[in-house]
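Colleague: how would this look folded up:
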Amino acid sequence: MKTLTRFTALGLALGLAACNADATTLSDTPLVTAPIDKDIALSSGDAAAQDIELMGAATGPLGVGLAPSATAEDDVPFRCGTHSRDALTIVRTCAFKDAAGGAQDSYNPLTTASANIHAVITGGVTRDNWTATDINRVRDLIVSGLAGIETQRTWNGAGTGSSNRERHTENGEVRNYTTASTLTITNVVVPAPRTENSWPLSGTITRHVTITVVGGPNDGKTRERTVTITFNGSELVPVQVNDKSYTFDLKTRKIVTGG
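Modeller: As a prediction, this is how the structure comes out:
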């Protein structure tokens, strides 16, 4: 009887340990992971579209000059300070350098060779089938190739991001998450001057995303993904989420293939 009691207790302890080990990790079944991969591809593509707006790529609510609500001041390159677009607030701080690395008080279209831009983006995003609230993104960007009358600019940098709630709806299903991410921007080449089709010619944005399920049977469980977006001169760009491939439309902010 004592032996049976010990084995019963041991089995219970192992069962509890297994439950605890699974408390924060989702099972790797297609039914669970496929929607998460697609949701991450969608929100990562949208964030990348906003990032390239900050870099002077094709127009959008964060861009300068061509947005529907733009004013004359928006046409000034590298306009810094605090500005609002839709439900987002963008605070940008800029530092300019000449070809010798000397600091400049302001941007000069002929003599400024590079700029460091610190951007903080807060607010929310609303799309056709998903929303994100309490967004907080920080970007530290370096742009080079500015001296003289340039035809393109090269951007590098890093950043972080988070959202207190992402809500995705699809075929009557609702999925809620909190998210956190880090990213690296590598040699993203953007044509100049800015036009309606100034899509980046090359370069990548790589994000490491941690997503936590809110509500439902998987409440509190997490997944991590590495997302790589590769630019190719068009509005349709490949998005790789671990081993899953998608195509994202930077203009419409939608996934057009994959998932």
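Colleague: Spell out, range by range, the helices that occur in the stretch 1-150 of the chain.
Modeller: With helices called from DSSP state H, counting those that start in this stretch, the stretch 1-150 of the chain shows them at 2-21, 30-54.
Colleague: Lowest average confidence across those helices, which one?
Modeller: Lowest mean pLDDT of the helices of the stretch 1-150 of the chain: helix 2-21, a mean of 41.
Colleague: For Asn176, the count of nearby residues, please.
Modeller: When neighbours are counted by other Cβ atoms under 10 Å, Asn176 registers 15. Yep, even glycine has a C-beta here, placed from its N, CA and C like the rest.
Colleague: Okay, and it sits in which element?
Modeller: Assigned by DSSP states H and E, Asn176 belongs to strand 173-191.
Colleague: what's the spacing between that strand and its chain's center?
Modeller: 2 Å (Cα atoms, centre = their mean, to the nearest Å).
Colleague: Paired strands for it, with orientation please.
Modeller: strand 152-170 (antiparallel), strand 202-213 (antiparallel) (DSSP bridges).
Colleague: got the angle for that strand vs helix 30-54?
Modeller: Angle of strand 173-191 versus helix 30-54, following axes from the mean of the first three to the mean of the last three Cα atoms, to 10 degrees, is 40 degrees.
Colleague: Mind listing what's buried along strand 173-191?
Modeller: 175, 177-181, 183, 185-186, 188-191 (16 or more other Cβ atoms under 10 Å).
Colleague: Stretch 34-48 now?
Modeller: Those buried within stretch 34-48 under the rule 16+ other Cβ under 10 Å are 35-48.
Colleague: Same question for stretch 247-257.
Modeller: Buried-residue list, stretch 247-257, by 16+ other Cβ under 10 Å: Thr247, Phe248, Asp249, Leu250, Arg253, Ile255.
Colleague: and if you look at stretch 154-168?
Modeller: Buried, per 16+ other Cβ under 10 Å, within stretch 154-168: Thr154, Trp155, Gly157, Gly159, Gly161, Ser163, Glu166, Arg167, His168.
Colleague: Much appreciated, bye for now.
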